[in-house]
Every structure is written in C-alpha cells, then in structure tokens.
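In: Sharing a model that was predicted from the sequence below.
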Amino acid sequence: MLRGIILAGGLGTRLYPLTKVTSKHLLPVGNEPMVFHSVKQLTTAGITDILIVTNPEYVGDFVNALGSGKDFGCEFTYRVQEEAKGIAHALALAEGFAGGSRIVVLLGDNIFETSIQHAVNDFQAQQHGARVLLKQMSDPKDLMGLGVATLNGNHIVAIEEKPKHPKSDYAVVGAYFYDASVFDIIRSVEPSARGEYEITAVNNAYIDHGELEYSLVEGRWVDAGTFDSLTEAHQILLNSSDYQ
C-alpha cells in the first residue's frame, strides 16, 4: 500500500506579502486553496492515507482547511517542521507515518495539468528503489533554481541542484516516489552549502545504488512559488476538469 506525503512548509518569501497572512500552500489557485490540488492528485491515484507537513504557525490553518480528510475520501495526519532545513529534512519527519510502506511525496506548491496516475503506476510496477518525475523545459531559463537530470538513454546518471550551466533540459519536479530505505539514506545526507538537507542528495544516493527510475510529466507543470507562476497555476487549474 502506498502512503502519500504533502510537504507544505517553507517560508514563501517570493510571494510576500501574501505569505504574511497565510501559508503559500493555502493561497487560492483555480477555485480552491493550493494544497487541495496535491490532495486530489493523491486521492485520484488511490492514495488515501496522507501526511501533511507544515510550519508550526500554519498547522491550525491546515487543519481548519482540510479537516480529518472525510470530505476528500481520505485520512489526514499532520506533522510540524520546526525549522525550514530543506525538503529531505521535512521528509524525515514522515518516517513513523510511513511505517515501512512505500511513499509518494508531493511538494504542495507544484501544480500539474494532468494526473500523476501514470507515474504512480510506473512506481508500483518497479520492484524496489525510487522514481522521480521529469519535465522537459523549452527555455533554459526555466531550469534556474531546479534540479536538473542528466540522462543516458533510459537512465538518470546524475542530478545537479540549481546548476549555472545545465547539462540537459530535464527538470526534476516536485513529485518523488520512494521505498522504505529513503529514511536511512536521509540520515546519511550532509547539509549542503545552503545549510539544507537537499532532496537532490537523496536522489543521487539512489542513482549511486542503481535504483532511480523516472517518468515524464504529461501536460503543463508549474512551481507556484512566484507571482508569475502563481498566475500560471491559476490558469492551468481553471482550464482543467481533472480535479474539480
């Protein structure tokens, strides 16, 4: 059985002053709070046991918005990330919730035009290891600030975090699929120069073990972390009937 994790922490500084009053992940996108999109991505893929990880100042707002999960046909658990120390740091909080199950991890500010069901199916078909979701970007500027995957045929040979000179046009987007060994890998990760525990380091550890696969994004995708991308995410969901 797969369990779902939505990472909805961070400071949202690029969306200030909107994030002065609420979490980025609770801002309206389409006709609903942003986090509803991630919830529906998981539930429509048959994942109904879901953990929400967020900042201490917003956890009450998430409980008020999402409740127990009854309205979504799922069950929510909530965990607090006391300090913003990176995606892998937030994911480490999910170990008890995962309970040895394989997990699907979504970044709560990533908006997809279509369902990730195909990637979930791909992950369920693999025997072990991890999977990431890649998006081919048409403009090299769109790769700035992202993890970029170098491919050799059907295999990922490396992922570089925020490269100044990307070696490919394939961005690693905010959907990750892991087996139970991910938490042991996180414990072995050292903080980056930014002082954060990077998810790229976790994914590269899987590459070193020959256990990282990938699927491709179908349709449009956006990281709704800036005013421009938030507007694009709004348009994507207004024009999509998949999650309404």
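Out: Looks like it arrived, so ask away.
In: which residues of this structure score low on pLDDT?
Out: 140, 144, 241-244 (pLDDT under 70).
In: Which residue ranges of it form strands?
Out: 3-8, 28-29, 32-33, 49-54, 75-80, 103-107, 110-112, 130-136, 147-152, 155-161, 170-178, 212-216, 221-223 (DSSP state E).
In: Grab the nearest non-local neighbour of Glu32.
Out: Spatially, and ignoring its direct neighbours in sequence, Glu32 is nearest to Leu237 (7.8 Å; Cβ to Cβ, 6 or more residues apart in numbering). For the C-beta atoms, the positions are set from N, CA and C on the backbone; glycine is no exception.
In: Ok, Gly100 next?
Out: Ala180 (5.0 Å).
In: Let's test this: what are the backbone torsions at the one you found?
Out: phi -70, psi -20 (degrees, to the nearest 10).
In: Mind exporting the C-alpha coordinates of stretch 54-70 to CSV?
Out: The C-alpha trace of stretch 54-70 is given here as CSV (Å, rounded to 0.1, in the frame of the first residue of the first chain):
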residue,chain,number,x,y,z
THR,A,54,3.9,22.3,7.5
ASN,A,55,5.3,25.1,9.7
PRO,A,56,4.2,25.4,13.3
GLU,A,57,2.4,28.8,12.7
TYR,A,58,0.2,27.3,10.0
VAL,A,59,-0.7,23.9,11.2
GLY,A,60,-4.0,25.1,12.7
ASP,A,61,-4.9,26.7,9.3
PHE,A,62,-4.3,23.4,7.5
VAL,A,63,-6.4,21.5,10.0
ASN,A,64,-9.2,24.1,9.5
ALA,A,65,-8.9,23.9,5.7
LEU,A,66,-8.6,20.1,5.3
GLY,A,67,-10.1,18.6,8.5
SER,A,68,-9.9,14.9,9.0
GLY,A,69,-9.9,14.1,5.3
LYS,A,70,-13.6,12.9,5.3
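In: Quick one: residues in contact with that stretch.
Out: Under the criterion Cβ atoms under 8 Å, 6 or more residues apart in numbering, residues 8-11, 22-23, 25-26, 33, 35, 39, 48, 50, 52, 72, 75-76, 78-82, 84 lie in contact with stretch 54-70.
In: Tabulate the strands of the chain (JSON lines), appending mean neighbour count.
Out: Formatted as JSON lines, the strands of the chain follow (neighbours: other Cβ atoms under 10 Å):
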{"stretch": "strand 3-8", "mean neighbour count": "25"}
{"stretch": "strand 28-29", "mean neighbour count": "19"}
{"stretch": "strand 32-33", "mean neighbour count": "18"}
{"stretch": "strand 49-54", "mean neighbour count": "24"}
{"stretch": "strand 75-80", "mean neighbour count": "16"}
{"stretch": "strand 103-107", "mean neighbour count": "25"}
{"stretch": "strand 110-112", "mean neighbour count": "26"}
{"stretch": "strand 130-136", "mean neighbour count": "23"}
{"stretch": "strand 147-152", "mean neighbour count": "18"}
{"stretch": "strand 155-161", "mean neighbour count": "18"}
{"stretch": "strand 170-178", "mean neighbour count": "24"}
{"stretch": "strand 212-216", "mean neighbour count": "19"}
{"stretch": "strand 221-223", "mean neighbour count": "22"}
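In: May I see those organised as a markdown table, with distance to Ala90 added?
Out: Formatted as a markdown table, the strands of the chain follow (distance: least, Cβ to Cβ, whole Å):
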| stretch | distance to Ala90 |
| --- | --- |
| strand 3-8 | 5 |
| strand 28-29 | 21 |
| strand 32-33 | 19 |
| strand 49-54 | 5 |
| strand 75-80 | 9 |
| strand 103-107 | 9 |
| strand 110-112 | 14 |
| strand 130-136 | 17 |
| strand 147-152 | 16 |
| strand 155-161 | 16 |
| strand 170-178 | 12 |
| strand 212-216 | 20 |
| strand 221-223 | 16 |
